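Student: Quick one: sequence and predicted model below, then my questions.
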Amino acid sequence: MTQSIEKSKALWRKANEVIPLGVSSSFRFHGPENTRYVARAKGAYYWDVDGNRYIDYALAWGPVILGHAYDEVDDYVREQIRLRGTTTALTTDLEIEVAEKFVALCPCVEKVRLVNSGTEATMHALRLARGYTGRDKYIKFEGAYHGVHDYVLYSMYANPVPVYGTRRSPLPVPESSGIPKVINETVITVPFNDFEALELALKRSAHEVAAILVEPVLGNCACISPVPGFLEFLRAKCDEHGIVLIFDEIKTGFHLAMGGAQEYYHVLPDLATYAKAIGNGYPAAAFGGKREIMDLIAVGQVEQDGTYCGNVVSVAAINATLGILQREPVLETIFARGRRLQEGLRSIFAEEGIPAVVTEHPAMIGVIFAEKMPRDQREWELSEKAMLQKIVVEAQKRGISKHEVIREPYFLSYSHSDADIDETLNVMADVTHQVKATWKK
Ligand code: PMP
């Protein structure tokens with residue numbers, strides 16, 4: 001079966017004339033011959049402009065937890081816009097309702113502010129931690145992604161073997177031109193799950209560190225899990241040194257459990273950031289945490305503002321999405337289907353004799369071709385990436401779509417059916433067999 005994407009290719013050429021790389025976010029660019037354009041999406045599927053249907057496991061990098069164009073959310077958003085407009089210079093009671101939901105569902109959240117993107121959420125959380133501690137630096141883990149503001153675009157995906165420095169003395173590597181060099185001085189990078197490296201970094205700099213910002217599961221590096229005791233260690237070290245512990249729950253929130261990684265791993269951060277699943281794909285985000293810290297947000301103290309913060313569209317989407325998550329067995333259903341996908345993938349790779357790790361969480365599933373779970377990005381870099389990449393690309397041609405970057409997990413939505421999982425496993429078995437049979441190092 002050969003898939004034609006000629007219309008997408010033609011659109012890319014047209015788009016590239018007026019949009020850099022032909023896309024509005026560079027992660028959507030997969031080369032001139034392979035960048036698809038979407039015509040329509042519903043439930044677990046999207047269709048490209050050439051009419052090819054895909055079972056979608058990218059789900060826009062995770063937000064679409066209920067499914068594309070989910071009627072109940074969209075109808076509620078439309079109704080709220082008709083009633084209230086899209087935004088005014090004042091606050092609506094919807095925001096209070098949503099804030100109360102966050103406080104009820106997210107263990108560390110006593111107060112919350114609503115923003116529009118994950119980038120905004122981590123930017124504000126970091127500023128708040130700095131305002132609270134009076135310190136400038138923060139600790140970030142290699143392989144973690146926290147958005148695109150200057151402070152966090154470090155050591156995410158650069159090939160770390162030659163450039164990340166030693167474990168004892170890691171080098172923060174900026175991932176973009178245009179970041180002022182002075183910002184380098186504010187970021188301390190450490191390999192994930194490395195107790196000793198963290199201890200050493202703190203020994204040198206604890207008095208200057210405002211925050212430890214962590215993706216509790218490395219959702220942007222194949223979903224590497226924290227080793228037992230690591231998150232507890234972060235909590236203890238933050239307490240010891242007066243550092244603010246920030247969980248970036250933008251991927252893990254409402255995917256690992258209703259209360260996110262903090263509920264699943266029973267470790268309470270001081271602040272947490274949310275986006276993605278909270279709004280089923282609408283531009284919705286939030287950051288919240290301890291009252292004592294959040295209350296520093298005040299005029300002339302720590303600044304947090306935004307024309308669109310708390311806008312009716314995003315807030316209505318959050319209200320509807322969290323309401324459905326509370327009322328219906330969304331996570332249970334996703335977990336059951338996700339477990340079938342995990343088990344199916346494990347047996348496909350085992351049958352083909354490919355050493356593989358299919359990671360632990362059924363709503364966001366990483367695949368790593370290695371004998372055992374890497375502890376951090378440095379170890380992950382040593383896994384068999386090229387064969388996995390080929391399998392992902394070939395599966396895409398057969399209508400199984402996940403983000404082509406293999407660090408990204410397979411996300412599941414409430415709309416994925418058992419039949420979708422069956423179809424996915426059939427295609428994955430075929431494609432894996434073909435790729436393995438012809439694979440030459
Ligand atoms: N933090 C994490 C953990 C993320 O996965 C992302 C997005 N992939 C972000 C922050 C940034 O979110 P946004 O793209 O909404 O700015």
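Tutor: That came through, no problem.
Student: and Ala41, what does it touch?
Tutor: Listed by C-beta atoms under 8 Å, 6 or more residues apart in numbering, the contact set of Ala41 reads Trp47, Asp56, His68, Ala69. Yep, even glycine has a C-beta here, placed from its N, CA and C like the rest.
Student: Narrow these to those that are buried.
Tutor: In the contacts of Ala41, burial by neighbour count holds for Asp56, His68, Ala69, counting by 16 or more other C-beta atoms under 10 Å.
Student: Counting only strands, which of those make the cut?
Tutor: Mapping those onto strands (DSSP state E) picks out Asp56.
Student: now the buried ones among the contacts of Ala41 as JSON lines including pLDDT and distance to the ligand?
Tutor: Formatted as JSON lines, the buried ones among the contacts of Ala41 follow (pLDDT from 0 to 100; distance: C-beta to the nearest ligand atom, whole Å):
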{"residue": "Asp56", "pLDDT": "98", "distance to the ligand": "16"}
{"residue": "His68", "pLDDT": "98", "distance to the ligand": "18"}
{"residue": "Ala69", "pLDDT": "98", "distance to the ligand": "20"}
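Student: Ala44: neighbouring residues, count only.
Tutor: Counted with other C-beta atoms under 10 Å, the neighbours of Ala44 add up to 24.
Student: how near is it to the ligand?
Tutor: Here Ala44 is placed at a distance of 20 Å from the ligand (C-beta to the nearest ligand atom, to the nearest Å).
Student: just Arg235 next, same as before
Tutor: Per C-beta to the nearest ligand atom, Arg235 is found 19 Å from the ligand.
Student: and that residue, what is it in contact with?
Tutor: So Arg235 contacts Leu245, Val267, Leu268, Pro269 (C-beta under 8 Å, 6+ apart).
Student: Might one say that Val109 is in contact with Arg291?
Tutor: No: Val109 lies out of contact with Arg291 (C-beta atoms under 8 Å); the separation is 9.6 Å.
Student: who's more crowded, these two?
Tutor: Neighbour totals were compared for Val109 and Arg291, and Val109 leads with 27 against 10 (other C-beta under 10 Å).
Student: Stretch 67-85: which residues count as buried?
Tutor: Result for stretch 67-85 [16+ other C-beta under 10 Å]: buried residues Gly67, His68, Ala69, Tyr70, Val73, Asp74, Tyr76, Val77, Gln80, Arg84.
Student: got a list of what the nearest residue to the last one once chain neighbours are set aside touches?
Tutor: Which is Arg84. Distances taken as C-beta to C-beta, 6 or more residues apart in numbering put Val312 closest to Arg84, at 4.8 Å, once the chain neighbours are dropped. Residues near Val312 by C-beta under 8 Å, 6+ apart: Gln80, Ile81, Arg84, Gly85, Thr86, Thr87, Thr92, Leu94.
Student: who's in contact with the residue lying closest to Ala285 once chain neighbours are set aside?
Tutor: Once flanking residues are discounted, Ala285 sits nearest to Ala275: 3.7 Å by C-beta to C-beta, 6+ apart. Counting by C-beta under 8 Å, 6+ apart, Ala275 makes contact with Pro63, Ser117, Gly118, Ala121, Ile250, Gly253, Ala284, Ala285, Ala286.
Student: Looking at the residues you listed, which one is closest to the ligand?
Tutor: Ranked by distance to the ligand (C-beta to the nearest ligand atom), those are led by Gly118 at 2.1 Å.
Student: So for that closest one, what's the nearest residue that isn't a sequence neighbour?
Tutor: Here the residue nearest Gly118, using C-beta to C-beta, 6+ apart, is Ala275, at 3.8 Å.
Student: The one you found and Arg53: what is the separation?
Tutor: Counting by C-beta to C-beta, to the nearest Å, the gap from Ala275 to Arg53 is 28 Å.
Student: ok, now Ala236?
Tutor: Distance check for Ala236 against Arg53: by C-beta to C-beta, it reads 50 Å.
Student: Over to Ala363?
Tutor: To Arg53, Ala363 is 23 Å away according to C-beta to C-beta.
Student: So for the two, which residue has more residues nearby?
Tutor: It is Ala363, of Ala363 and Arg53, that has more neighbours when counted by other C-beta under 10 Å, with 24 against 12.
Student: Tell me which residues touch the more buried one, please.
Tutor: By C-beta under 8 Å, 6+ apart, the contact set of Ala363 is Ile65, His255, Leu256, Leu331, Ile334, Phe335, Gly338, Phe411, Leu412.
Student: tell me the pLDDT at Gly300?
Tutor: With respect to pLDDT, Gly300 scores 89.
Student: Could you do Asn159 as well?
Tutor: Asn159 carries a pLDDT value of 74.
Student: How about the one 3 residues further on?
Tutor: Here, the pLDDT recorded for Pro162 equals 78.
Student: Just confirm it is within a helix.
Tutor: Yes: applying DSSP: H, G, I helix; E, B strand; the rest coil, one finds Pro162 inside a helix.
Student: Distance check, it against Glu95.
Tutor: Between Pro162 and Glu95 the distance is 48 Å, computed by C-beta to C-beta.
Student: And the closest residue to Phe29 other than its chain neighbours, what's its pLDDT?
Tutor: Nearest non-adjacent residue to Phe29, counting by C-beta to C-beta, 6+ apart: Leu21, 4.3 Å away. In this model, Leu21 is scored at 98, pLDDT.
Student: Tyr45 now?
Tutor: On the pLDDT scale, Tyr45 gets 98.
Student: interface residues of the stretch 1-150 of the chain facing the ligand?
Tutor: Residues of the stretch 1-150 of the chain lying close to the ligand (C-beta under 6 Å from any ligand atom) are Trp61, Ser117, Gly118, Thr119, Thr122, Tyr145, His146, Gly147.
Student: which of these sit farthest apart?
Tutor: Within those, Trp61 and Thr122 form the most distant pair, 14.9 Å apart (C-beta to C-beta).
Student: Of those two, which one has the most company?
Tutor: Higher neighbour count among Trp61 and Thr122: Thr122, with 27 against 21, using other C-beta under 10 Å.
Student: Where does pLDDT dip in the protein?
Tutor: Applying pLDDT under 70 to the chain flags the ranges 1, 441.
Student: Kindly recompute the last result at 80.
Tutor: Within the chain, the stretches with pLDDT under 80 are 1-2, 158-162, 441.
Student: Can you list the buried residues in the biggest helix by length in it?
Tutor: Looking across the chain with DSSP state H, the single longest helix is helix 330-351. For helix 330-351, the neighbour count (16+ other C-beta under 10 Å) marks 330-331, 333-335, 337-338, 340-342, 344-345, 348-349 as buried.
Student: Could I get those residues in JSON lines, plus columns for distance to the ligand?
Tutor: Listed next are the buried residues of helix 330-351 as JSON lines, based on distance: C-beta to the nearest ligand atom, whole Å:
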{"residue": "Val330", "distance to the ligand": "20"}
{"residue": "Leu331", "distance to the ligand": "19"}
{"residue": "Thr333", "distance to the ligand": "23"}
{"residue": "Ile334", "distance to the ligand": "18"}
{"residue": "Phe335", "distance to the ligand": "20"}
{"residue": "Arg337", "distance to the ligand": "22"}
{"residue": "Gly338", "distance to the ligand": "18"}
{"residue": "Arg340", "distance to the ligand": "25"}
{"residue": "Leu341", "distance to the ligand": "20"}
{"residue": "Gln342", "distance to the ligand": "21"}
{"residue": "Gly344", "distance to the ligand": "25"}
{"residue": "Leu345", "distance to the ligand": "22"}
{"residue": "Ile348", "distance to the ligand": "27"}
{"residue": "Phe349", "distance to the ligand": "25"}
